[in-house]
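J.: Okay, sequence plus prediction incoming.
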Amino acid sequence: MLSINEVTTRAAKGSLEPVYLLVGTERLLVERAVDAVRKAVDQRGAPGFNVDLFDGKGLEAVSVISAAQTLPMMADRRFVLVRHVDAMTPTEQSNLAEYLADPNDSTSLVLTADKLDGRGKLTKIAKKQGWLTDAKPLRGSELRAFVRAEATARGHNIAPQAIETLLDAVGDDLAAIDDAIERLSLFVGAGQRIDSDAVMTCVTRIRVESIWSLVDAIGLKDRRKGIAAAQSLLADREPPLRLLAMVARQLRIVARMREALSEGLRPQEAAKRAGAPPFKANDLTASARQFTADTLGEAFALIAQTDMALKSSKRPPDVVLQDAVLELCTAPTLSPS
């Protein structure tokens, strides 16, 4: 099974597969892979003449198969893309799987999905043929490697502490990281090293201490502290949806830290397991002790509801966020798990 980066790299070199099934929520990496395959196909003929695009919702497999089996025009390859193949019915997914058993060598069929049933026929055949690629979110060392690779690709060495500062500033959103590295590249100049001072000067920085204050307030059920932290963050003109994502990220770190500590790991080892730098071990240990498994579960459930509300509600986003903070800070404390 090729990694998502291997798909992109091989396609950029002109090496193409007849089928790609890209499954996962890491959109930036998926889009890079899709673009690389399409560009490679375009280079083999007249761009745009051999492209078919579909969306999975309500889609019948016969339409995709017909496009994929059509011979390319004035070129030697076609590009067929189906986004959200997971939105196709199970029956249509199975019908599409029949094509994967004997695909057209003159077509590159790219299928994308956030999540697919591993027991389904489509997934099984793609995996057997070596066409299934995992695009799951990057965590820990993989995330730091991504930051380093993005800097290297632009001709820069980046200091380890600068990586931590950057992740504290923008979180684990790869699109935000990509944008930040681009701005840092222009800021420091060609070939120059990126250090923490450059990150703090150039990147619009979320005040990390306020994020941790908010997380602490949730653990302590301190409404006053929670609202003060939320208002401070909103005053920095950071989008509420991004702030919510940052809080969710910090809570995931706390959850992993809590689990690692419960297994008997030392604080610094637990911090590494949680995906945080060792120097944050003491703060993380204190935060982990404020939460139980139940209170963390409640917090994540409310964050998911708030995420949906921020994307669909007509209420002002800052009001939605502050209401969520109040609810998180006033939920009844449950007995320790």
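T.: Right, received. Where do you want to start? Here the structure is a predicted model, which is why all the values come from computation and not from measurement.

J.: show me where the stretch 101-250 of the chain has helices.
T.: 121-129, 140-153, 160-170, 174-188, 196-202, 208-220, 223-235, 240-262 (DSSP state H, counting those that start in this stretch).

J.: Select, out of the ones you listed, the one closest to residue 87.
T.: helix 121-129 (12.7 Å; Cβ to Cβ). The C-beta positions use only the backbone N, C-alpha and C, and glycine is treated the same way.

J.: Can you list the buried residues in that closest one?
T.: Buried residues in helix 121-129, defined by neighbour count with 16 or more other Cβ atoms under 10 Å: 121, 122, 123, 125, 126, 129.

J.: Out of the helices of the stretch 101-250 of the chain, point me to the one whose mean pLDDT is lowest.
T.: Of all these, mean pLDDT reaches its minimum on helix 208-220 (a mean of 78).

J.: Tell me the one of the buried residues of helix 121-129 nearest residue 140?
T.: Once Cβ to Cβ is applied, the member of the buried residues of helix 121-129 that ends up nearest residue 140 is residue 123, at 26.1 Å.

J.: and the residue nearest to that closest one when sequence neighbours are not counted, what does it touch?
T.: Nearest non-adjacent residue to residue 123, counting by Cβ to Cβ, 6 or more residues apart in numbering: residue 116, 5.0 Å away. Counting by Cβ atoms under 8 Å, 6 or more residues apart in numbering, residue 116 touches 21, 23, 85, 86, 93, 122, 123.

J.: Would you confirm that the fourth one contacts residue 115?
T.: Read it as residue 86. Yes - taking Cβ atoms under 8 Å as the definition, residue 86 is a contact partner of residue 115 at 6.0 Å.

J.: circling back to that earlier point, could I get the contacts of residue 116 as JSON lines with secondary structure and distance to residue 147?
T.: JSON lines is the format used below for the contacts of residue 116 (DSSP: H, G, I helix; E, B strand; the rest coil; distance: Cβ to Cβ, whole Å):
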{"residue": "21", "secondary structure": "strand", "distance to residue 147": "27"}
{"residue": "23", "secondary structure": "strand", "distance to residue 147": "24"}
{"residue": "85", "secondary structure": "helix", "distance to residue 147": "30"}
{"residue": "86", "secondary structure": "helix", "distance to residue 147": "29"}
{"residue": "93", "secondary structure": "helix", "distance to residue 147": "36"}
{"residue": "122", "secondary structure": "helix", "distance to residue 147": "34"}
{"residue": "123", "secondary structure": "helix", "distance to residue 147": "31"}
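
J.: For those, work out which two are farthest apart.
T.: 23 and 93 (12.3 Å).

J.: which SS state does residue 72 fall under?
T.: coil (DSSP: H, G, I helix; E, B strand; the rest coil).

J.: so how far is residue 44 from the residue of the chain most remote from its centre?
T.: What lies farthest from the middle of the chain is residue 74; by Cα atoms, centre = their mean that is 37.7 Å. Between residue 74 and residue 44 the distance is 10 Å, computed by Cβ to Cβ, to the nearest Å.

J.: And residue 2, by the same measure?
T.: Separation of residue 2 from residue 44 (Cβ to Cβ): 20 Å.

J.: With residue 144 instead?
T.: Residue 144 is 37 Å from residue 44, by Cβ to Cβ.

J.: got it, and residue 170?
T.: Distance of residue 170 to residue 44, given as Cβ to Cβ: 37 Å.

J.: same thing with residue 52?
T.: From residue 52 to residue 44 the distance is 16 Å (Cβ to Cβ).

J.: For residue 182, give me its contacts.
T.: residue 154.

J.: Can you give the domain ranges for this protein?
T.: 4-134, 140-202, 208-330 (automatic domain parsing).

J.: And the shortest one, how far out from the chain middle?
T.: Translated: domain 140-202. Relative to the chain's own centre, domain 140-202 is displaced by 17 Å; criterion: Cα atoms, centre = their mean, to the nearest Å.

J.: Good, we can wrap up now.
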